[in-house]
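J.: Quick one, structure for this:
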Amino acid sequence: VKLAISHALAQSTLLGCYEERLQDIVECTKDLPEALAENGRVDISRKQVARFIGQVFLQRSAVNLLGVVLDVPEFFWSAPDHLQVLYKRVCEYLELDTRVEVLNTR
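T.: Next up, the predicted model:
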């Protein structure tokens with residue numbers, strides 16, 4: 001029982017790290033679209049723009065990989081059914097699938 005709950009909590013914690021990283025990127029770049037709309041340009045170098053794009057791609061691929069990792073762990077396939085059900089319910093409670101979906105669309 002503890003393993004099912006702790007595994008779901010660990011996955012939620014890892015997902016929280018990715019959510020924070022993406023939020024940091026959003027905060028760093030939030031003024032760029034407005035500046036581009038008003039001035040037709042942004043006050044950062046092409047290299048910095050490329051770095052931001054690279055960071056976004058890295059985070060997106062990490063979240064996509066995380067979505068695969070968030071599948072039911074192999075252990076629970078051979079464990080008693082009540083453990084797999086508990087694991088899935090904790091994941092639903094922590095909204096893991098929804099959070100991965102939100103990260104992928106941001």
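J.: And stretch 42-53, how far out from the chain middle?
T.: On the basis of Cα atoms, centre = their mean, to the nearest Å, stretch 42-53 is displaced by 23 Å from the centre of the chain it belongs to.
J.: State the mean pLDDT of that stretch.
T.: Mean per-residue pLDDT for stretch 42-53: 86.
J.: list the buried ones in it?
T.: Val42 (16 or more other Cβ atoms under 10 Å). (Glycine included, C-beta is placed from N, CA and C.)
J.: which residues are contacting it?
T.: For stretch 42-53, contacts defined as Cβ atoms under 8 Å, 6 or more residues apart in numbering pick out Ile25, Cys28, Thr29, Leu32, Ala35, Leu36.
J.: which non-adjacent residue is nearest the second one?
T.: In other words, Cys28. Setting aside the residues directly before and after it, Cys28 is nearest to Phe52 in space (Cβ to Cβ, 6 or more residues apart in numbering), at 7.0 Å.
J.: for the fifth one, same thing?
T.: Ranked by Cβ to Cβ, 6+ apart and with sequence neighbours excluded, the top spatial neighbour of Ala35 is Val42, at 5.0 Å.
J.: Same check on the first one?
T.: Closest residue to Ile25 in three dimensions, ignoring its sequence neighbours and counting by Cβ to Cβ, 6+ apart: Gln55, at 5.4 Å.
J.: surely the one you found meets Val26?
T.: No - using Cβ atoms under 8 Å as the test, Gln55 is too far from Val26 to be in contact (10.7 Å).
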